[in-house]
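K.L.:
Attaching a predicted model along with its sequence, questions to come.
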Amino acid sequence: MASDTPVRVRFAPSPTGRLHVGGLRTALYNYLFARKHDGDFVLRIEDTDQARYEPGAEDDIREALSWVGLDYDEGPEVGGDYAPYRQSERTEHYRKYAQKLIEAGRAYYAFDTEDELDAMREEHGAYDVSTRRQMRNSLTLSDDEVERLKKEEDYVVRLKVPRQESVRFDDVIRGSVSFDTSEIDDQVLLKSDGMPTYHLANIVDDHLMDISHVIRGEEWLSSTPKHVLMYDALDWTPPAFAHLPLILSPDSSRGGKLSKRDANELGIPVYVTDYREAGYEPGALLNFLALLGWGPGTEEELFTLDDMVDAFSLDRVGASGVQFDLDKLRWVNEHYVRDLSIDELAERARPYVEDEGYEVSDERLRTICSLVQDRIQVVPEVVTDNRYFFEDPEGYEEAGVEKRWKDDSADLLRAYADRLEVVDTFDTETVETVLRDLADEKDVGAGAIIHPSRLAVSGRSYGPGVFGLIATVGKEACLRRMRRAADQLG
């Protein structure tokens, strides 16, 4: 491909379910490459598998891309010079080029029934150069028989893979790749319902849409020689190929690609919407996924989307699989959460507060967010890890009690509660002044009151600054909790 060829890439998901996080990484790399080279990023919906089509899946794909900010230049609902962008609306193209392949002697009609195919697979394992002569197809039947069967029976169109050849192509990430044709079966190109398989549809559309680079997952690497054979048969120049490394299970004992089953068992969200519902920042998810295979060549790990565009290069994408590390994602997300303004964090936290059934004013929620922002990794933890702001703790951290609760803690806590009860202003400065004055009077260190107070109010021995914590929880709740702790812990 000439170096001055305009860059056009496509993300081509199948609407057979919600967008998988691995699919989002593929979309991201295509987006970064297009923006880096002032090219076009195209969304194409490959919906030719009607049996697996799932209503709503296409909407999920578009909404997921919109949520993370990967805007495409052409696609369904957006349009473009190469419309339509749903393969189910382009079927006349596939029939046309399937016929050209047949006329060129590079594809053929096959009339085998499912029972015949099952018997063949059981005995031989593949429909290829060694078995096609035993089956019912246009390579073994006369022209008259073929025309008669086309009217009477269902048929498919298969690729005619040549014998004893090597198919070679260059991969931007993997270098020179070759396959022996003995390893390639006679792939179905056009199904009996007239719809194309992925293999025919994607090469026809990539050609007709002037796609310059095909950037996709490693799982498609073994299919590429079939595509190269079709490009050759149709006398088309193939695009540049770049096959991305697999995303591997974080549990090396499981081995291989991160499957939905592995992800579920390991507590890893599978779909992009899962991450959205779990409160992850879209930029953090993109940042994390970018580093699953690509490296900037520096120690830097935190990037905005614009930063990623500037730094991205396919040359720095590795070929080896990369383990999915949820802890690393949480670390990245933590930094994105800390970069939010308090108003932004409170706005994001509000739905989770309400889902838990808590009522809290905007001002108080902002105060809570200011106290916990540096202590959380995902937004819902404003609530889930800090429930003591919204309700009394059900118990007390055992290790904290053992370490922090002393013989005089109950008496000191009751005295502190009595002093707080009579103050007119219940703010951070007041609760601190009262505590320190009491500590001086009792001739104890401030910690002798601070640690029991934290345990009483939050149930924990750790958390945000204790004076801000007490002031935010509020006077009535704090007095109740302190006295209850003094009675229960003794």
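P.N.:
Here it is on my side, so go on. Numbering: from 1, shown residues only.
K.L.:
so what's residue 210 up against?
P.N.:
By C-beta atoms under 8 Å, 6 or more residues apart in numbering, the contact set of residue 210 is 6, 8, 82. Where C-beta positions appear, they are placed from N, C-alpha and C, glycine not excepted.
K.L.:
show me where pLDDT drops low in the protein?
P.N.:
Scanning the chain for pLDDT under 70 picks out 1-3, 254-255.
K.L.:
just the buried members of the contacts of residue 210?
P.N.:
Neighbour counting with 16 or more other C-beta atoms under 10 Å marks 8, 82 as buried within the contacts of residue 210.
K.L.:
In stretch 336-354, which residues are buried?
P.N.:
Across stretch 336-354, burial judged by 16+ other C-beta under 10 Å covers 336-337, 340, 345-350, 352-353.
K.L.:
likewise stretch 321-337?
P.N.:
Going by 16+ other C-beta under 10 Å, stretch 321-337 has these buried residues: 321-322, 324, 329-330, 332-334, 336-337.
K.L.:
could you redo these as a markdown table and give each row secondary structure and distance to residue 197?
P.N.:
Compiled in a markdown table, the buried residues of stretch 321-337 are given as follows (DSSP: H, G, I helix; E, B strand; the rest coil; distance: C-beta to C-beta, whole Å):
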| residue | secondary structure | distance to residue 197 |
| --- | --- | --- |
| 321 | coil | 26 |
| 322 | strand | 29 |
| 324 | coil | 30 |
| 329 | helix | 35 |
| 330 | helix | 40 |
| 332 | helix | 38 |
| 333 | helix | 39 |
| 334 | helix | 44 |
| 336 | helix | 41 |
| 337 | helix | 44 |
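K.L.:
now those residues as TSV including distance to residue 268?
P.N.:
Formatted as TSV, the buried residues of stretch 321-337 follow (distance: C-beta to C-beta, whole Å):
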residue	distance to residue 268
321	16
322	14
324	6
329	9
330	11
332	15
333	14
334	17
336	19
337	20
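K.L.:
In strands only, show me the contacts of residue 210.
P.N.:
Residues of those located in strands (DSSP state E): residue 8.
K.L.:
Of the contacts of residue 210, which is the nearest to residue 271?
P.N.:
Top of the list for closeness to residue 271, among those and by C-beta to C-beta, is residue 8 at 27.8 Å.
K.L.:
Okay, and residue 42 sits in which element?
P.N.:
Element membership of residue 42 [criterion: DSSP states H and E] is strand 40-43.
K.L.:
Domain-wise, how is this protein divided?
P.N.:
8-76+202-246, 91-190, 260-337, 341-381, 398-489 (automatic domain parsing).
K.L.:
looking at those, which is buried most?
P.N.:
Across the domains of the chain, the average number of neighbours (mean count of other C-beta atoms under 10 Å) peaks for domain 8-76+202-246, which reaches a mean of 20.
K.L.:
can you give me how far that domain is from the chain middle?
P.N.:
Relative to its parent chain, domain 8-76+202-246 has a centroid offset of 16 Å by C-alpha atoms, centre = their mean, to the nearest Å.
K.L.:
related to what we said a few turns ago, which element is encountered next along the chain beyond the strand holding residue 42?
P.N.:
In N-to-C order, the element after strand 40-43 by DSSP H and E is helix 57-68.
K.L.:
That following helix - contacts with which helices or strands?
P.N.:
Helices and strands touching helix 57-68, by 3 or more C-beta pairs under 8 Å, 6 or more residues apart in numbering; DSSP states H and E, are helix 21-36, strand 40-43, helix 272-277, helix 282-290.
K.L.:
those strands in the stretch 101-250 of the chain, which residues are they?
P.N.:
107-110, 156-159, 166-171, 175-180, 188-190, 213-217, 240-244, 247-248 (DSSP state E, counting those that start in this stretch).
K.L.:
so can I have TSV of those showing distance to residue 302?
P.N.:
Shown next, in TSV, are the strands of the stretch 101-250 of the chain (distance: least, C-beta to C-beta, whole Å):
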stretch	distance to residue 302
strand 107-110	50
strand 156-159	46
strand 166-171	30
strand 175-180	31
strand 188-190	45
strand 213-217	24
strand 240-244	22
strand 247-248	20
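K.L.:
which residues sit against stretch 175-185?
P.N.:
126-129, 161-171, 221-222, 224-226, 229.
K.L.:
ok, now with 7 Å
P.N.:
Stretch 175-185 is contacted from outside by 126-128, 161-171, 225-226, using C-beta atoms under 7 Å, 6 or more residues apart in numbering.
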